[in-house]
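>>> give me coordinates for this.
(4 chains)
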2 protein chains.
Amino acid sequence: MKRREKGATRARDGLAELEAQDAVFAALAHASRRHILVVLHARGDRVKAGDIASRFACSWPTTTRHLRVLEDAGLVSVEQEGRERFYVLERERLHAVAGDWLAGFG
Amino acid sequence: MKRREKGATRARDGLAELEAQDAVFAALAHASRRHILVVLHARGDRVKAGDIASRFACSWPTTTRHLRVLEDAGLVSVEQEGRERFYVLERERLHAVAGDWLAGFG
DNA sequence: AAAATAATTAGCCGAACCGCTAAGGAGGGC
DNA sequence: GCCCTCCTTAGCGGTTCGGCTAATTATTTT
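Below you'll find the predicted structure:
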């Protein structure tokens, strides 16, 4: 029920927009998750899960969960290659939700 | 210890910047608090506490606490006039912390 | 097949969050 | 003085969050 298919709602669906803001700003609320996004940006938008996890003090499962929160918010996507998982920064989503909200303040 | 005086740290203090991001993004994580900022923006950046509280479904004490979180994050400031409290939108802070962080993603 | 690697899922636990009601201060009107 | 209004503070209770370890799945290697 958490993950909704891309085309399930129209682009201007107001309720969906509020849900998106909720998910995105909740995801950005934690320093580790913001840091993950910065790492992705700094390393070409596409980083292996292990390379992310090794950069953080917390345990790998904890990082995995942070990545899941980011994924549910649409801020990253995943590409599986064999036994490796690459996380990809969804920059457009970040700007379309957080950026647009901020831009409303002029 | 929560509220730090304005000039206590230098502008480029990296630690202070991280603390500021923590406080600001944590404040933005809740829909009601984002809504409060939108209401402030829509009504001339300066609104009486009661006028804010009356716009929300939740109880007045709950709104007061949301306002306190926003104040601790520096996103609003308070001006007391008699027995009324006016909350003022700190737009610069919003842009300087959240906006700048987002801008780092190009 | 067995072992090593890559990563997730499951489950526990303390801390923080967010709602409420009730009580408290502080200013203004009578 | 008294009371009413405005708003905050105090404290309780359920839910969520975020850390960990242990167990599991899936893939590659030997």
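
>>> just checking, residue A:47 touches residue A:38?
No: between residue A:47 and residue A:38 no contact is recorded; they are 11.1 Å apart, counting by Cβ atoms under 8 Å. Backbone N, C-alpha and C define where each C-beta goes, glycine included.

>>> show me which of those two is the more surrounded one.
Set residue A:47 next to residue A:38 and count neighbours by other Cβ atoms under 10 Å in any protein chain shown: residue A:47 wins out with 21 against 14.

>>> what's the mean pLDDT across stretch A:14-22?
In this model, stretch A:14-22 has an average pLDDT of 93.

>>> mind listing what the nearest residue to residue A:97 once chain neighbours are set aside touches?
The shortest distance from residue A:97 to any residue other than its chain neighbours is 4.4 Å, reached at residue A:24 (Cβ to Cβ, 6 or more residues apart in numbering or on different chains). When the contact criterion is Cβ atoms under 8 Å, 6 or more residues apart in numbering or on different chains, the partners of residue A:24 are A:73-75, A:93-94, A:97-98.

>>> next one: residue A:27
Applying Cβ under 8 Å, 6+ apart, we find residue A:27 in contact with A:33, A:69-70, A:72-73, A:75.

>>> near DNA strand D, which of these show up?
residue A:69 (Cβ under 7 Å from any atom of the strand).

>>> now the contacts of residue A:27 in JSON lines, with neighbour count?
Formatted as JSON lines, the entries for the contacts of residue A:27 read as follows, by neighbours: other Cβ atoms under 10 Å in any protein chain shown:
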{"residue": "A:33", "neighbour count": "22"}
{"residue": "A:69", "neighbour count": "19"}
{"residue": "A:70", "neighbour count": "26"}
{"residue": "A:72", "neighbour count": "16"}
{"residue": "A:73", "neighbour count": "23"}
{"residue": "A:75", "neighbour count": "25"}
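
>>> how about the nearest residue to residue A:22, chain neighbours excluded?
The shortest distance from residue A:22 to any residue that is not its chain neighbour, by Cβ to Cβ, 6+ apart, is 5.8 Å, and that residue is residue B:31.
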